[in-house]
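> Fold the following, please.
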Amino acid sequence: LDDDLDGDVDCGDTDCAASCQGPICLAQNDIGSITGVAAASGNTTSSTNLFEPNCGGNSGAPDNHLRWVAPMSGCYVFDTLNSSFDTSLVLSDNCAAPNTLECNIDYHPSPGYQARLFYTVAAGEDYLITIDGYSPSTTGAWQLDILPCDEAETTCNDGVDEDFDARIDCDDADCIGDAA
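Model (predicted):
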């Protein structure tokens with residue numbers, strides 16, 4: 001209905017757009033096209049539960065939502081491996097009616113059961129990243145890493161698998177010849 005007679009109807013009217021977005025769209029933080037270790041961080045403790053991951057767990061936990069725009073097409077890894085609680089991680093195609101593209105509740109051998117997922121994205125597309133707790137009582141500080149899947153091992157003495165090939169430091173071919 002065109003209540004203000006401007007030619008625009010309901011959600012197509014800029015006067016109504018905010019009410020059409022839904023609570024997740026209004027709660028999300030825009031992180032642009034950032035990538036890297038610690039691309040974003042936050043805390044779910046004082047948040048509310050707006051979303052239930054559909055990859056397992058019995059959430060009910062407060063969640064945080066991020067809008068991310070893919071800087072280029074290709075495979076990316078998203079993880080919460082340096083977070084302080086048992087996380088669930090969900091990648092969706094939009095915030096208004098999230099359609100889960102990929103979801104992970106426990107990445108092993110991660111201590112503390114943080115999450116990691118891989119997904120091939122399209123350049124310039126918007127994605128909704130949801131950081132959630134595994135169960136209602138799991139909340140806390142989180143760190144989100146967003147890296148291209150083909151990233152090389154960059155530090156050969158830190159105990160971290162930067163290129164996600166399941167080979168760490170001296171066991172990784174990228175570190176052959178490194179004195180570390």
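
> My guess is A27 contacts R67. True?
No - look at A27 against R67 with Cβ atoms under 8 Å: they stay out of range, at 10.4 Å. Quick note: C-beta positions are derived from backbone N, CA and C, even for glycine.

> Okay, strands next: where are they in the protein?
With strands called from DSSP state E, the chain shows them at 29-30, 36-43, 64-69, 74-79, 87-92, 100-104, 116-121, 126-133, 141-148.

> List the strands paired with the first one, with their directions.
Yep, that's strand 29-30 we're talking about. Taking DSSP bridges as the criterion, strand 29-30 forms sheet pairs with strand 64-69 (parallel).

> buried stuff in the helix ranked longest in the chain?
Secondary structure assigned by DSSP state H gives helix 22-27 as the longest helix of the chain. Neighbour counts over helix 22-27 (16 or more other Cβ atoms under 10 Å) mark I24, C25, A27 as buried.

> Tell me the one of these nearest Q143?
A27 (19.3 Å; Cβ to Cβ).

> distance of that closest one from L91?
17 Å (Cβ to Cβ, to the nearest Å).

> which residue ends up closest to the midpoint of this protein in space?
The centre of the chain sits closest to I129, judged by Cα atoms, centre = their mean, with a distance of 3.6 Å.

> Ignoring the adjacent residues along the chain, who's closest to it?
Closest residue to I129 apart from its sequence neighbours, by Cβ to Cβ, 6 or more residues apart in numbering: L66 at 4.3 Å.
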